[in-house]
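Student: any chance you can model this:
(one chain, ligands or ions: 2)
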Amino acid sequence: MAKSPAFTCTACGAVYTKWSGRCEGCGAWNTIVEEAPLSSGPGKQSLGNKRGAALTLTDLSAKEPPPPRTASGMAEFDRVLGGGLVPASATLVGGDPGIGKSTLLLQAAARLAEAGLKTLYISGEEATAQIRMRAARLGLAEAPVRLASATSLRDILTTLEAERPGLVIIDSIQTMWADTVDSAPGSVAQVRAAAHELTSFAKRRGAAVILVGHVTKEGQIAGPRVVEHMVDTVLYFEGERGHQFRILRSVKNRFGPADEIGVFEMTGRGLAEVANPSQLFLAGRGAPAAGSVVFAGIEGTRPVLVEFQALVAPTSLAQPRRAVVGWDNARLAMVLAVLEARCAIPFAGLDVYLNVAGGLRIADPAADLAAAAALLSAREDIALPPEAVVFGEISLSGALRPVPQSENRLKEAQKLGFTTAIVPSGGKAGGGKDMKLRDYGDLAALVGEMFGAG
Ligand code: TYD
Ligand code: MG
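Tutor: Residues are numbered from 1 along each chain as shown. Ligands and ions are numbered 1, 2, ... in the order given. A predicted model of the protein is given here:
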């Protein structure tokens, strides 16, 4: 039987049995290339026909000590990793070009090298002189990090086998090039081969390998998502270009909690840790204004207070605008629908803008109520009490649902001087003498009391 060749889109990784000019998966032109099938060559039939080595099986109950971790001493970085870097692990750090990945990793490399890890920083994007200049700017010129500028995977692996480092940083995986693979650097096949070789090296030699990956406009690691499956940990470095805040977020972690965040600030001397993000996110808040609401959220394991800002204005368009920054579009649509259907507050003919101040992206479902309060406050032009924080989930029936970790949210709010919390009824946390709770069973009740409508 003739073997059908495999064709892969180098932009999105979709697989086809025949070539075509345009990828149906992502719509890109001229990105489909032929890939050598894995099982080609004579004598390679089913694996089951060959005798392999027998595996050593163990019990589920066997005692396994926790992995020894190396902490960098940058608390924000270590927390996201789950307490420090684990040996024999592969980590992918993704983010938009220019967001600060190289800066973050050079700083982390310097700290980890000082903590005793033999550290190699290999850049395929910058010359060593450029990296040295950055290190000098960051005040890290004396750190015992070894540098190289290279893209040949063969040379890099040879060097790694000879040097046996404890930590290797590859900046970036899209610039690496394996001479065994017949396609251009940055293509799916190349990136996959490079990630495979480097993670195998990590497992084989007990090194920690950190791969930098650029992200496409659609928010994917450029080209192949396959890399995400190959590594133990995937971190995203995100932030708005115009803002100085940067968030390091774990989206997958085999050695620690996922969805943990670390907060940094980009300064003239590199990334500074932000130990108290709430303070920073609320710092620019002016006088109490309609449409501004402080949300007491939880990101990962940590409470974070941020400001939700809404603007509601008559539209000049046939189709009113709905624009969101830092929150989910679909959830905004849902909250607007609930306000219309359950509270009789129409938004037809009105443009709606919602913004999370500071450039943070909120994924916590408890933000529903904060968004609803901001929208109502903007629409009715009534400012909320400035000493109040808001959190709670909204269901489609208009009922308010209690959310986890109320206690932590309230504690953080109290620490920052807030004295009132607007929350769903039935939550576990009670107020104290310094924290007054105003709780509501459904959205209509809140609308009636606070805005005299509904
Ligand atoms: P970089 O780490 O090169 O981004 P990436 O590797 O993700 O592409 O960061 C580049 C940006 O960071 C650049 O616009 C300049 C800025 N920057 C600072 O503001 N302060 C600094 O100390 C450094 C080193 C960079
Ligand atoms: Mg870079």
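
Student: endpoints of stretch 251-262, how far apart?
Tutor: One end of stretch 251-262 sits 12 Å from the other (Cα to Cα, to the nearest Å).

Student: and that stretch, how far out from the chain's middle?
Tutor: 9 Å (Cα atoms, centre = their mean, to the nearest Å).

Student: contacts for that stretch next, please.
Tutor: Identification of contacts with stretch 251-262 by Cβ atoms under 8 Å, 6 or more residues apart in numbering yields 67, 75-77, 79-83, 86, 89, 228, 231-236, 247-250, 273, 299-302, 304, 363. Just so you know, the C-beta spots here come from the backbone N, C-alpha and C atoms, and that holds for glycine as well.

Student: among the residues you listed, which are in helices?
Tutor: In helices, judged by DSSP state H, the following of these are found: A75, E76, F77, R79, V80, L81, E228.

Student: direction included, what does the longest strand along the chain pair against?
Tutor: Looking across the chain with DSSP state E, the single longest strand is strand 302-314. Using DSSP bridges, the strands paired with strand 302-314 are strand 292-299 (antiparallel), strand 350-356 (antiparallel).

Student: next, the buried residues of that strand.
Tutor: Within strand 302-314, the residues that count as buried by 16 or more other Cβ atoms under 10 Å are R302, P303, V304, L305, V306, E307, F308, Q309, A310, L311, V312.

Student: could you chop this protein up by domain?
Tutor: As assigned by automatic domain parsing, the chain contains the domains 1-35, 75-275, 280-451.

Student: out of those, which is closest to ligand 1?
Tutor: Distance to ligand 1, taken as Cβ to the nearest ligand atom, is lowest for domain 75-275 among the domains of the chain, at 3.2 Å.

Student: buried ones among the contacts of stretch 251-262?
Tutor: 76-77, 79-83, 86, 89, 228, 231-236, 247-250, 299-300, 302, 304.

Student: report the secondary structure element holding G94.
Tutor: Per DSSP states H and E: G94 is located in strand 89-95.

Student: centre of the chain to that strand, how far?
Tutor: Counting by Cα atoms, centre = their mean, strand 89-95 comes out at 11 Å from the chain centroid.

Student: tell me the mean pLDDT for that strand?
Tutor: For strand 89-95, mean pLDDT is 94.

Student: try stretch 435-448
Tutor: Mean predicted confidence for stretch 435-448 is 93.

Student: which of the residues in that stretch are buried?
Tutor: Judged by neighbour count using 16+ other Cβ under 10 Å, the buried positions of stretch 435-448 are M435, L437, R438, D439, Y440, D442, L443, A444, A445, L446, V447.

Student: and what of stretch 87-106?
Tutor: Buried residues in stretch 87-106 (16+ other Cβ under 10 Å): 87-96, 99-106.

Student: do that stretch and ligand 1 meet at all?
Tutor: Yes - figure legend: stretch 87-106 in contact with ligand 1 (Cβ under 6 Å from any ligand atom); contacting residues G95, P97, G98, I99, G100, K101, S102, T103.
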